[in-house]
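*Asks:* Return a 3D structure for these sequence lines:
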Amino acid sequence: NPNRIWKALVTYQFFYSGGKTETGQALVLPLSELAMTRLGEASASYPSSVSIEIVDITWQRLDPHMVSDPAAYLQERINFEISNFEFLPAKKSEGIFVHTISFDIKNNSVYGYWQPYFYVIYKDNRTPVGIARVEIDRFKNGETRKVEIKSLAESLRVTELEVLPELDIFDTSVYIAPGL
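*Replies:* Got it, this is the predicted structure:
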């Protein structure tokens, strides 16, 4: 969403050979990107020829009296640092049947969040090869958390991560009050 003063609620649906998903919704903040996914979708066969259709977009203008500088507002609140990424591949010959993707995430903002979600995009030499959605409960400001994700995907190789927060920073109910 390249807009500075508008957030977008996007309704979308995936189509694939032999089927389609239910519609999903994603809130895309100003000057931000967000993954649009349907994780865990049941299908009789592996989906191919996948396409996405944007069903609807509802735009909501930010109140300039509440948020005078949207870019600074976002930067103050969406400030997460990723470190210590590690990928441990499955080694069936050694009895390790799952891949492990782990990293530390630090909340560098001055705000704590009740239950922020993050999309973790696995990449192999900059090419996306998988995605997971993780939730961090009561993620306080200045806090670092270890995230560990297990995967049963065949032949997975992950050389880097991209982590995108899914967090409506314009909704006051997402914030932990100071002192809690």
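
*Asks:* quick one: Ala132 from Ala35, how far?
*Replies:* 10 Å (CB to CB, to the nearest Å). In this view, the C-beta of every residue, glycine as well, is placed from N, C-alpha and C.

*Asks:* Tell me the residues that contact both of those two, please.
*Replies:* The overlap between the contact sets of Ala132 and Ala35 (CB atoms under 8 Å, 6 or more residues apart in numbering) consists of Tyr119.

*Asks:* which outside residues touch the helix or strand bottoming out on mean pLDDT in the chain?
*Replies:* The helix or strand of the chain with the poorest confidence is strand 19-20; it has a mean of 88 (mean pLDDT, DSSP states H and E). Contacting residues not belonging to strand 19-20 are listed as 13-14, 43, 47 [CB under 8 Å, 6+ apart].

*Asks:* Can you give the distance from it to the centre of its chain?
*Replies:* 24 Å (CA atoms, centre = their mean, to the nearest Å).

*Asks:* Can I get the very next helix or strand once past that strand in PDB, CA atoms only?
*Replies:* Note on strand 19-20: by DSSP states H and E, the next helix or strand toward the C-terminus is strand 24-28. C-alpha atoms of strand 24-28 as PDB (Å, rounded to 0.1, in the frame of the first residue of the first chain):
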ATOM      1  CA  GLY A  24      -9.800 -14.000   3.200                       C
ATOM      2  CA  GLN A  25      -9.200 -10.500   4.500                       C
ATOM      3  CA  ALA A  26      -6.000  -8.500   5.100                       C
ATOM      4  CA  LEU A  27      -5.500  -5.100   6.600                       C
ATOM      5  CA  VAL A  28      -2.700  -3.300   4.800                       C
END
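
*Asks:* For strand 24-28, enumerate the helices and strands it packs against.
*Replies:* strand 6-16 (3 or more CB pairs under 8 Å, 6 or more residues apart in numbering; DSSP states H and E).

*Asks:* wait, what's in contact with Ser109?
*Replies:* Ser109 sits next to 76-80, 141 when contact means CB under 8 Å, 6+ apart.

*Asks:* just Thr159 next, same as before
*Replies:* Counting by CB under 8 Å, 6+ apart, Thr159 makes contact with 87, 123-125.

*Asks:* can we see that at 6 Å?
*Replies:* Going by CB atoms under 6 Å, 6 or more residues apart in numbering, Thr159 touches 124-125.

*Asks:* Could you look up the SS state of the residue of the chain most remote from its centre?
*Replies:* Distance from the C-alpha centroid of the chain, by CA atoms, centre = their mean, peaks at Ser93 (33.0 Å). Here Ser93 is recorded as helix under DSSP: H, G, I helix; E, B strand; the rest coil.
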